[in-house]
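Student: coordinates only, sequence not included:
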């Protein structure tokens, strides 16, 4: 069992930056591939970025490429999402999730956090 808690969301203006954190407890995070997803009002939850268990591989949604960076600190049981040049369309609840599979498929992620709200004003 893995418990995930996100933090770092907030209300910012377009062009600003935020760093989201996802802290794990219960089991060591180094056993899992990790992903960040987001869900905007009225839309399905979508993949944003993923990182392999050891940080050696990363993948991004097209909407995140060049602006977002996923990283992890296994010694701290934490995964991060650095978000730069934020746009109003980035407004969503952001979730971190853990998976035994290296995938962008939402249904392959077993453990989820409660989410953190990111709101970007124009």
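Tutor: The structure has been received and is ready for your questions. Note that the structure is predicted; figures quoted are calculated from it, not measured. Numbers count the residues shown, from 1 in each chain.
Student: and for residue 32, the neighbour number?
Tutor: Residue 32 has 25 neighbouring residues, counting by other Cβ atoms under 10 Å. Using the backbone N, CA and C atoms, a C-beta is placed for each residue, glycine as well.
Student: so what pLDDT did the closest residue to it other than its chain neighbours get?
Tutor: Once flanking residues are discounted, residue 32 sits nearest to residue 98: 4.0 Å by Cβ to Cβ, 6 or more residues apart in numbering. For residue 98, the pLDDT comes out at 97.
Student: what's the spacing between residue 98 and residue 20?
Tutor: According to Cβ to Cβ, to the nearest Å, residue 98 and residue 20 sit 15 Å apart.
Student: name the element the residue nearest to the spatial centre of the chain belongs to?
Tutor: The centroid of the chain falls nearest to residue 36 when counting by Cα atoms, centre = their mean (2.4 Å). Element membership for residue 36, per DSSP states H and E: strand 33-39.
Student: could you do residue 53 as well?
Tutor: For residue 53, there is no enclosing helix or strand under DSSP H and E.
Student: quick one: it and residue 70, what's the gap?
Tutor: Distance from residue 53 to residue 70, by Cβ to Cβ: 13 Å.
Student: among the two, which residue is more densely surrounded?
Tutor: residue 70 (23 against 19).
Student: spell out the secondary structure type for the closest residue to that one other than its chain neighbours.
Tutor: Among residues not flanking residue 70 along the chain, residue 49 sits closest, at 4.0 Å (Cβ to Cβ, 6+ apart). Under DSSP: H, G, I helix; E, B strand; the rest coil, residue 49 falls in the strand class.
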